[in-house]
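1. Turn this into a model:
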Amino acid sequence: MQVKIITPDKTAYEGQAQVLTFPGSSGEFEVLDNHAAMISLLKAGNLRMKADGQDQSFTIDGGVVEVLNNNVTVLVESLEEASSVSA
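-> Have a look, this model is predicted:
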């Protein structure tokens with residue numbers, strides 16, 4: 001699926017991912033390929049992503065995510081890369 005992570009001042013990430021795990025306002029949830037369309041609020045926490053054999057983790061300060069037609073758009077207040085580990 002195509003992923004775009006945007007902060008108020010830049011596009012922080014744009015590329016493909018196989019799995020995304022979000023800190024939702026009502027609890028953690030995962031988005032996989034061909035996920036149903038949805039919009040959700042995000043709380044501060046860790047956004048985890050598996051892309052091209054790499055597990056990445058970002059610390060976010062809340063925001064919103066939209067999933068539509070295998071495109072995931074994440075709008076966050078701030079984002080800091082926590083780690084990148086080979087799988």
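2. low-scoring pLDDT stretches of the chain, where are they?
-> Low-confidence regions of the chain, defined by pLDDT under 70, span residues 83-87.
3. And the strands in it?
-> 2-7, 10-16, 19-24, 27-32, 38-51, 54-68, 71-76, 79-86 (DSSP state E).
4. how about those strands in a markdown table, adding mean neighbour count?
-> (C-beta placed from N, C-alpha, C; glycine too.) Listed next are these as a markdown table, based on neighbours: other Cβ atoms under 10 Å:
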| stretch | mean neighbour count |
| --- | --- |
| strand 2-7 | 18 |
| strand 10-16 | 12 |
| strand 19-24 | 18 |
| strand 27-32 | 13 |
| strand 38-51 | 16 |
| strand 54-68 | 17 |
| strand 71-76 | 18 |
| strand 79-86 | 11 |
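5. Need the phi and psi values for Asn34.
-> With angles defined as degrees, to the nearest 10, Asn34 sits at phi 60, psi 30.
6. I'd say it and Asn71 touch.
-> No - with contact defined as Cβ atoms under 8 Å, Asn34 does not reach Asn71; the gap is 11.4 Å.
7. Mutual contacts of the two, please.
-> Shared contacts of Asn34 and Asn71, defined by Cβ atoms under 8 Å, 6 or more residues apart in numbering, comprise Met1.
8. Quick check: the gap between the closest residue to Val72 other than its chain neighbours and Gly27.
-> Leaving aside its sequence neighbours, Val72 sits nearest to Val3 (Cβ to Cβ, 6 or more residues apart in numbering; 4.7 Å). Using Cβ to Cβ, to the nearest Å, one gets 21 Å for the distance from Val3 to Gly27.
9. For Ala37, which non-adjacent residue is closest in space?
-> Closest to Ala37 by Cβ to Cβ, 6+ apart is Leu68, at 4.9 Å.
10. can you check Gly63 too?
-> Val76 (3.6 Å).
11. So that neighbour sits against Gly62, correct?
-> Yes - Val76 is within contact range of Gly62, at 6.9 Å (criterion: Cβ under 8 Å).
12. Quickly list what's touching both of those two.
-> Common contacts of Val76 and Gly62, defined by Cβ under 8 Å, 6+ apart, comprise Leu42.
13. residues in contact with Ala37?
-> Taking Cβ under 8 Å, 6+ apart, one finds Val67, Leu68, Asn69 in contact with Ala37.
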